[in-house]
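# pasting the structure only:
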């Protein structure tokens, strides 16, 4: 509304053909300099169909378009798009005053949304609607930023809807997704969604994604998911844990499935349990889950975790209860610690008594544990099981230990001793 400059659109050619079978309109339009070079428009309607069944096939082909210039024509887009140019070809099928099907070929570069980085994007996008479904798909999609580029990728989202337009079934497919590029689209999202995505801060790459969810109008929707994850992560916030560098494979549905771990240089944040980030050089193994009635069981007979300070192998069974009861765990771990003093930063400070945590910090000065064990069994809301509701037992033979029982006492050096932590009692 503030822009009162006149714009001149030159039409060097316009043609309309009408016969018994069809009405066709073609035109070439030379654009003002701030909008681009030219647009070619064609529209065809077949007349040998009943009036209620007729539709328009419309094609718009724009060359050397300026995204910033077109954005200035609308008060909302004016605040979002700050740069970009390229070619866009759009084909539409319009019937009953609405778009039933649309395809677009795009080749855009130097695109920038407000407060975002420049990127290039190319590919073909398709939209298809019917009375009981819709489809959005992209083929040969390539997104490139200054430091990386997508391979030519396909994305597909298809939904089945009810009479009111509500989604009953949703099927998502993607040959490739780079989650780091979520920041490119942040300005296009509503403020609430933008804040949620910024807080989550997803990262990493996903390949071979397939997700199907049905029965969305019911209390227990069915789902199926499959994906290869490479260096995937999200930020911790509040009580929510965070992870970076997760690599693996997931395949499963509501009845059960499996998660394969093959991560390197992974970081894990557990704000409810620990104050320090856990750095994991290698994490490997397979987790299975199965659902039976009101219970979901997650189990593994071998999860290997290692970094320069420690390495471990764990087997466990974790039962999650749909009735609201606390999860129940049965875990056995064998471990090795190369330096007990370095290991102190991994203690679960947020669930330990402060006095015991501080004692560990001063007592274990140096030494190693060649082969120790951890046994954890019981409802997790009762941990560390002070009243006997479960068992938490840590055992380990310490070697070449430098040990200071009290801060005012001299340290005992080159000590070999067996350490036992039973609940929160140390022996």
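Nice, I can see it. Not measured: the values here are computed from a predicted model.

# Please make it C-alpha for all contacts and neighbour counts, starting now.
Will do.

# can you list contacts of stretch 364-372?
Residues from elsewhere that reach stretch 364-372 (C-alpha atoms under 8 Å, 6 or more residues apart in numbering): 334-341, 394-404.

# Poorly predicted segments of the chain, please.
1-5 (pLDDT under 70).

# what are the ranges of the helices in it?
Assigned by DSSP state H, the chain shows helices spanning 67-71, 182-185, 191-200, 340-343, 354-363.

# looking at these, which is buried most?
Mean neighbour count (mean count of other C-alpha atoms under 10 Å) peaks for helix 67-71 among the helices of the chain, with a mean of 20.

# Just checking the distance from it to the centre of its chain.
Computed by C-alpha atoms, centre = their mean, to the nearest Å, the chain-centroid distance of helix 67-71 equals 31 Å.

# what sits up against that helix?
Residues outside helix 67-71 that contact it (C-alpha under 8 Å, 6+ apart) are 34, 35, 36, 77, 78, 80, 81, 82, 83, 84, 85, 111.

# In JSON lines: those, plus neighbour count and distance to residue 415.
Shown next, in JSON lines, are those (neighbours: other C-alpha atoms under 10 Å; distance: C-alpha to C-alpha, whole Å):
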{"residue": "34", "neighbour count": "14", "distance to residue 415": "80"}
{"residue": "35", "neighbour count": "20", "distance to residue 415": "80"}
{"residue": "36", "neighbour count": "21", "distance to residue 415": "80"}
{"residue": "77", "neighbour count": "16", "distance to residue 415": "71"}
{"residue": "78", "neighbour count": "16", "distance to residue 415": "72"}
{"residue": "80", "neighbour count": "18", "distance to residue 415": "67"}
{"residue": "81", "neighbour count": "22", "distance to residue 415": "68"}
{"residue": "82", "neighbour count": "20", "distance to residue 415": "68"}
{"residue": "83", "neighbour count": "17", "distance to residue 415": "68"}
{"residue": "84", "neighbour count": "20", "distance to residue 415": "69"}
{"residue": "85", "neighbour count": "21", "distance to residue 415": "72"}
{"residue": "111", "neighbour count": "22", "distance to residue 415": "65"}
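
# Reformat those as TSV; add distance to residue 203.
Listed next are these as TSV, based on distance: C-alpha to C-alpha, whole Å:
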residue	distance to residue 203
34	37
35	35
36	36
77	27
78	29
80	24
81	24
82	25
83	25
84	25
85	28
111	21
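
# Residue 426: which of those residues is nearest?
Of all the contacts of helix 67-71, residue 426 sits closest to residue 80, with 60.5 Å by C-alpha to C-alpha.

# in the stretch 151-300 of the chain, which spans are strands?
Secondary structure of the stretch 151-300 of the chain (DSSP state E, counting those that start in this stretch): strands at 153-161, 167-178, 203-214, 222-234, 242-253, 256-269, 278-292, 295-306.

# looking at the helices of the chain, which is closest to residue 151?
Residue 151 lies closest to helix 182-185 among the helices of the chain, at 16.5 Å (C-alpha to C-alpha).

# can you name the two of the contacts of helix 67-71 that are farthest apart?
Once C-alpha to C-alpha is applied, the contacts of helix 67-71 give 36 and 80 as the farthest pair, at 18.7 Å.

# quick one: contacts for the nearest residue in space to residue 22 that is not next to it in sequence?
What sits nearest to residue 22 in space, not counting adjacent residues and going by C-alpha to C-alpha, 6 or more residues apart in numbering, is residue 46, at 4.3 Å. Each residue near residue 46 by C-alpha under 8 Å, 6+ apart is listed here: 21, 22, 23, 54, 55, 56.

# sorry, back to before: out of the contacts of stretch 364-372, which are buried?
Taking 16 or more other C-alpha atoms under 10 Å as the criterion, what is buried in these is 334-341, 394-399, 401-404.

# List of residues touching stretch 136-151?
The contact list for stretch 136-151 (C-alpha under 8 Å, 6+ apart) reads 117-128, 152-158, 176-178.

# Please identify the buried residues of it?
Applying 16+ other C-alpha under 10 Å to stretch 136-151 flags 136, 137, 138, 139, 140, 141, 142, 143, 144, 145, 150 as buried.

# what two of those have the greatest distance between them?
Once C-alpha to C-alpha is applied, the buried residues of stretch 136-151 give 136 and 145 as the farthest pair, at 23.7 Å.

# center of the chain, which residue is that?
residue 202 (5.1 Å; C-alpha atoms, centre = their mean).

# any idea how far the closest residue to that residue other than its chain neighbours lies from residue 282?
Leaving aside its sequence neighbours, residue 202 sits nearest to residue 234 (C-alpha to C-alpha, 6+ apart; 4.5 Å). Distance, residue 234 to residue 282, using C-alpha to C-alpha, to the nearest Å: 19 Å.

# between these two, who's got more neighbours?
Between residue 234 and residue 282, residue 234 has the larger neighbour count (other C-alpha atoms under 10 Å), namely 22 against 17.

# Pull the residues that contact stretch 19-38.
Applying C-alpha under 8 Å, 6+ apart, the contact partners of stretch 19-38 are 7-18, 39-48, 62-70.

# Can you give the distance from that stretch to the centre of its chain?
How far stretch 19-38 lies from its chain's middle: 42 Å, per C-alpha atoms, centre = their mean.
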